[in-house]
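Asks: Let me see the structure of the following:
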Amino acid sequence: MKKVLIDNKVTDSQKKQFESVSSDYVVTYDREDKDVEIIVGDVAPARCKEYPKLELLLSTWVGYDGFIKKGILPDNCILCNAVDAHTEEVAEHMFATLISMEKKLHYYRDNQSNNKWHDEGGVKSIRDLTVVILGLGNIGKYLAGLCKDLGMHVIGVKRDISTKPEYIDELYTLDDLDSLLPKVDAVLNVLPSTELTRHLFTIDRFKLMKPDALLINAGRGDLIDTNVLIEVLENRIIRGIGQDVFEKEPIPEDSKLWKLDNLVITPHVAGFFHLDKDRQKWVDMCCDNLRRYASGEKLLHVVEEREK
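Replies: Just a heads-up that it's a prediction; the model follows:
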């Protein structure tokens, strides 16, 4: 029998769901039990080394860059990420951030906190926006649909442009980014962290954007070097940035980021199971993979990539 650690907040009914998957498993909720062969949950990459018998990790995360670094997982350990588990919550979080910033609601909230009655001036019509979505996985596609439903002109960026979804008006690869930035009102990023995307948005790239453009980032924090992020916002090279992910988390208390009025900060919560149905979707996905593993079937959402 294999020991399975459920390292995440689950309901009593979800516990029963995990415990009934297979008689081949013994389920534990004690993260101090280091003899487990399988972990289902939110274990941090650095903690994986604490489990020498680990052979299967079913992560809560869509991003997997932290787990594929050399020495993090045992050589024979299978990693499955949480593809589609957070689709709606992340996409809707980004969409809400975009709308609120376009309507300057963050400035009005600041004014309210300072007992200040002040008109912040003109805004843009949502229907008139041109947006580019970087990354058209499940989250990007759902986000594109939301934007299109409100009448925005939607540009998509992905690796394979052989087939254009109907809710995308224009489709390009990342090689075309510099030619796209001058014509969009907002950049919506859901790209993973890779060698190509780390510090992708340099000062020079920000200067290609419209001065009144926005960037909404719920992909990875290393899309923008922190010093670049501060410089762009302090000098108002673009109008504002809404960011859920940062190079260093949590943000240090003495960071300049906290004082920037044109930065909307959320503490990496866009995809943290704030929708109950998304948590249930993840539980169902993991139970399916546990059943498959017990019966020797092919697993879903296996991450083959490893750093060498």
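Asks: any idea how far Asp169 is from Gly63?
Replies: 27 Å (CB to CB, to the nearest Å). Every residue, glycine included, has its C-beta placed from N, CA and C.
Asks: Ok, Asp128 next?
Replies: The separation that Asp128 has from Gly63, given CB to CB, amounts to 33 Å.
Asks: Check Val43 too.
Replies: Val43 is 14 Å from Gly63, where distance means CB to CB.
Asks: Asp33 too?
Replies: Counting by CB to CB, the separation of Asp33 from Gly63 is 26 Å.
Asks: ok, these two, which is more surrounded?
Replies: A direct count of neighbours by other CB atoms under 10 Å for Asp33 and Gly63 places Gly63 higher, at 17 against 11.
Asks: Just give me the neighbour total for Glu32.
Replies: The burial metric for Glu32, expressed as a neighbour count using other CB under 10 Å, is 7.
Asks: Quick check: the gap between it and Glu50.
Replies: When distance is defined by CB to CB, Glu32 is 9 Å away from Glu50.
Asks: what residues do these two have in common as contacts?
Replies: Residues touching both Glu32 and Glu50 do not exist when contact is defined as CB atoms under 8 Å, 6 or more residues apart in numbering.
Asks: where do the helices sit along the chain?
Replies: Residue ranges of the helices in the chain, as given by DSSP state H, are 12-19, 87-102, 105-113, 138-149, 177-180, 203-208, 226-234, 276-295.
Asks: what's the angle between the third one and helix 87-102?
Replies: For helix 105-113 against helix 87-102, the angle between stretch directions is 70 degrees (axes from the mean of the first three to the mean of the last three CA atoms, to 10 degrees).
Asks: Helix 105-113: which residues count as buried?
Replies: Of the residues in helix 105-113, those buried under the neighbour-count criterion (16 or more other CB atoms under 10 Å) are Leu105, His106, Tyr107.
Asks: Okay, now the unreliable bits of the stretch 1-150 of the chain?
Replies: Per-residue confidence for the stretch 1-150 of the chain (pLDDT under 70) gives no ranges below the cut-off.
Asks: the strands in it, which residues?
Replies: Per DSSP state E, counting those that start in this stretch, the stretch 1-150 of the chain carries strands over the ranges 2-7, 25-28, 38-41, 56-59, 78-80, 130-134.
Asks: quick one: strands adjacent to the last one?
Replies: Here strand 130-134 is paired, per DSSP bridges, with strand 153-157 (parallel), strand 186-189 (parallel).
Asks: Now those strands in a markdown table, please, with extra columns for distance to Lys70, mean neighbour count and mean pLDDT.
Replies: A markdown table is the format used below for these (distance: least, CB to CB, whole Å; neighbours: other CB atoms under 10 Å; pLDDT from 0 to 100):
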| stretch | distance to Lys70 | mean neighbour count | mean pLDDT |
| --- | --- | --- | --- |
| strand 153-157 | 30 | 22 | 98 |
| strand 186-189 | 27 | 26 | 98 |
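Asks: Could you dump those into CSV with distance to Leu143 added?
Replies: Formatted as CSV, the strands paired with strand 130-134 follow (distance: least, CB to CB, whole Å):
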stretch, distance to Leu143
strand 153-157, 9
strand 186-189, 6
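Asks: quick one: which of the ones you listed is nearest Val303?
Replies: Nearest to Val303 among the strands paired with strand 130-134 is strand 186-189 (20.8 Å), distances taken as CB to CB.
Asks: which residues are contacting the closest one?
Replies: Outside strand 186-189, the residues that reach it (CB under 8 Å, 6+ apart) are 94, 98, 102, 129, 131-135, 140, 143, 147, 181, 209, 213-219, 223.
Asks: contacting residues around Val232?
Replies: So, once contact is read as CB under 8 Å, 6+ apart, Val232 ends up touching Ile203, Phe206, Ile224, Ile238, Ile241.
Asks: one more time with 6 Å
Replies: Contacts were defined as CB atoms under 6 Å, 6 or more residues apart in numbering; by that measure Val232 touches Phe206.
Asks: Local confidence estimate at it?
Replies: We have a pLDDT of 98 for Val232.
Asks: likewise Thr202?
Replies: 98.
Asks: Now it: closest residue in space that isn't a chain neighbour?
Replies: Nearest residue to Thr202 in three dimensions, chain neighbours excluded: Val228, at 6.5 Å (CB to CB, 6 or more residues apart in numbering).
Asks: if I look at the one you found, how far off is Arg198?
Replies: 12 Å.
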